[in-house]
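Asker: Provide a 3D model corresponding to the input given below.
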Amino acid sequence: MLRGRTKYLHTFALIWLAIVLPLSLSAAENYVTTKAKSGDGISIILNRFFLPVNKTNILLFKQLNKNKFNKRGGLLKGYRYALPIIKIKYRKTGFSASLATVPKSNIKAIKQFNAKVEKANYKLNYKSDGKIWLPMELSNRKAMNKLKSKILKKKRPTKLTEPLFGKKYEKAKIINRKLDGCVFYLISGHGGPDPGAIGHKNGNELHEDEYGYDIILRLARNLMSNGAKVYIIVQDSTDGIRDELYLKNSSNEYYYGGDTISHRQKVRLAKRAEIINKLSKQKPTNKQYSIIIHVDSRHTNKRIDIFFYYQDGNKKSKSMAKTMEQTIKKKYEQNQPGRGYEGKVITRNLYMLRNLKNPTVYIELGNIQNARDQIRLLAPNNRQAIANWLRDGIINELKKKK
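Answerer: This next block holds a predicted model:
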């Protein structure tokens, strides 16, 4: 029997019973429970009891066992945990009749589930102990959808805080969930001992890594505000999003995780690929993308538009690059009619494009030596516009995948 159940959980269980089950048992008596062993986690326990390890069961488990986790969210050895399995009274009229409110299409799966837990000696046969174990996922569909909606609504934050964005921008609202389930790895070029390309304007040095990083932060904030999970691979805790024309140059950048940035280019690139590929393996989703931002350096009279490189042979990379480029083109047509746009989408044999496992788009924002391209980088409103347009391109691409 579960003890010390919170008032909320007790109320939640009673509502569940009223909707789903023809029972008069108390909420505390109605859940299957288990004691956590050393090394146990939610996934291990769900697997042990033949429950799918999915978002629904994980959320249910957490909701049923609020305040029973350590500071890192782990289980406490020796504590008793409720499982998302309800005990139903077996009626002599038969197995199906005992589950009158459950969709008929689920009866077979419930019977198979009970056979597994009985074979594993977790319980006696339902005819002997008078109990059927009902996984909550297989219960009344309408009630389950209502429950999931309630839990998801409760769990999802409406605001975000990211100190890397700086004091002025660290807090933001999550305005929608268009990018729910998407993971992005954002990389600004160079950093640390390598400033990248250097331009000059009114006696000021313009460093590629500073302007690329500012736009990466703005893009990260945009994506997170649309529900995405974002990893910023090159970081600088002292900068934040800056609204100055001339961004102060520094070599304070480091990698996600805290490692320093090497002087050697090949080592730098290999480390970035290693970090992203390792993180990608931990995120089992097919909606993962890497976005790399650089600023080009050419002769001062050479003006270039934003252009995109994609991974050779990677359809998702190519499609994302094309959609982002098309979105930028439309934005220019809307905001600067008659300007024209000559951005390109091509593949290129670059280290990061070759070595990143997830679909990657490599973006060049302009020529840091050209006075007209410099306007695109110097004005904070223009940097924000670029970040907004890149976000819109990403959303437009992912809309097509639904």
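Asker: C-alpha only now, for contacts and for neighbours.
Answerer: Will do.
Asker: for stretch 125-133, give the mean pLDDT please.
Answerer: Here stretch 125-133 scores 94 as its mean pLDDT.
Asker: buried ones in it?
Answerer: Judged by neighbour count (16 or more other Cα atoms under 10 Å), stretch 125-133 contains these buried residues: 125-126, 131-133.
Asker: which residues of the stretch 301-402 of the chain score low on pLDDT?
Answerer: Low-confidence segments of the stretch 301-402 of the chain, defined by pLDDT under 70, span residues 401-402.
Asker: for it, which segments count as strands?
Answerer: Assigned strands in the stretch 301-402 of the chain, in chain order: 307-310, 345-347, 360-367 (criterion: DSSP state E, counting those that start in this stretch).
Asker: burial count for residue 254?
Answerer: 19 (other Cα atoms under 10 Å).
Asker: now residue 282
Answerer: Neighbour count of residue 282, defined by other Cα under 10 Å: 8.
Asker: repeat for residue 314
Answerer: Neighbours of residue 314 under the rule other Cα under 10 Å: 15.
Asker: also residue 374?
Answerer: 19.
Asker: mind checking how far it is from residue 199?
Answerer: Computed as Cα to Cα, to the nearest Å, the residue 374 to residue 199 distance reads 8 Å.
Asker: which segments of this protein make up each domain?
Answerer: For the chain, automatic domain parsing gives the domain ranges 7-155, 159-400.
Asker: highest mean neighbour count out of these?
Answerer: Comparing the domains of the chain on average neighbours per residue, with mean count of other Cα atoms under 10 Å, the densest one is domain 159-400 at a mean of 18.
Asker: all helices for this protein, in order.
Answerer: Taking DSSP state H as the criterion, the chain carries its helices at 7-20, 42-48, 55-64, 95-98, 104-119, 126-129, 141-155, 208-225, 265-282, 315-335, 351-355, 371-378, 380-400.
Asker: out of those, which gets nearest to residue 191?
Answerer: Across the helices of the chain, residue 191 has its closest neighbour in helix 208-225 (5.4 Å, Cα to Cα).
Asker: quick check: mean pLDDT across the closest one?
Answerer: The average pLDDT within helix 208-225 is 98.
Asker: put the alpha carbons of it into PDB.
Answerer: Output of helix 208-225 as PDB, limited to C-alpha atoms (Å, rounded to 0.1, in the frame of the first residue of the first chain):
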ATOM      1  CA  GLU A 208      34.100  36.800 -37.200                       C
ATOM      2  CA  ASP A 209      33.700  34.700 -34.100                       C
ATOM      3  CA  GLU A 210      32.000  37.600 -32.200                       C
ATOM      4  CA  TYR A 211      29.400  38.400 -34.800                       C
ATOM      5  CA  GLY A 212      28.700  34.700 -35.600                       C
ATOM      6  CA  TYR A 213      28.300  34.000 -31.900                       C
ATOM      7  CA  ASP A 214      25.800  36.900 -31.400                       C
ATOM      8  CA  ILE A 215      23.600  35.600 -34.200                       C
ATOM      9  CA  ILE A 216      23.900  32.000 -32.900                       C
ATOM     10  CA  LEU A 217      22.600  33.200 -29.500                       C
ATOM     11  CA  ARG A 218      19.700  35.000 -31.100                       C
ATOM     12  CA  LEU A 219      18.900  32.000 -33.200                       C
ATOM     13  CA  ALA A 220      19.100  29.700 -30.100                       C
ATOM     14  CA  ARG A 221      16.700  32.000 -28.200                       C
ATOM     15  CA  ASN A 222      14.300  31.900 -31.200                       C
ATOM     16  CA  LEU A 223      14.300  28.200 -31.400                       C
ATOM     17  CA  MET A 224      13.900  27.600 -27.700                       C
ATOM     18  CA  SER A 225      10.900  30.100 -27.700                       C
END
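Asker: which residue, other than its chain neighbours, is closest to residue 320?
Answerer: Beyond its immediate neighbours in the sequence, the residue positioned closest to residue 320 (Cα to Cα, 6 or more residues apart in numbering) is residue 397, lying 5.9 Å away.
Asker: could the strands of the stretch 301-402 of the chain go into CSV alongside distance to residue 158?
Answerer: Formatted as CSV, the entries for the strands of the stretch 301-402 of the chain read as follows, by distance: least, Cα to Cα, whole Å:
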stretch, distance to residue 158
strand 307-310, 33
strand 345-347, 36
strand 360-367, 29
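Asker: which among the ones you listed is found nearest to residue 389?
Answerer: Nearest to residue 389 among the strands of the stretch 301-402 of the chain is strand 360-367; the distance by Cα to Cα comes to 12.2 Å.
Asker: re the thing from before, nearest to residue 160, of the strands of the stretch 301-402 of the chain?
Answerer: strand 360-367 (25.6 Å).
Asker: what sits up against the closest one?
Answerer: Residues from elsewhere that reach strand 360-367 (Cα atoms under 8 Å, 6 or more residues apart in numbering): 289-298, 300, 302-311, 317-318, 320-321, 353, 373-374, 376.
Asker: let's go with 7 Å and repeat that
Answerer: Residues lying outside strand 360-367 but in contact with it, judged by Cα atoms under 7 Å, 6 or more residues apart in numbering, are 289-298, 303-311, 317, 321, 353, 373.
Asker: go on, stretch 392-402?
Answerer: In this structure, residues lying in contact with stretch 392-402 by Cα under 7 Å, 6+ apart are 320, 323-324, 327.
Asker: now the helices of the chain as CSV including distance to residue 166?
Answerer: Rendered in CSV, the data for these read as follows (distance: least, Cα to Cα, whole Å):
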stretch, distance to residue 166
helix 7-20, 37
helix 42-48, 35
helix 55-64, 32
helix 95-98, 58
helix 104-119, 51
helix 126-129, 59
helix 141-155, 26
helix 208-225, 10
helix 265-282, 23
helix 315-335, 27
helix 351-355, 28
helix 371-378, 19
helix 380-400, 15
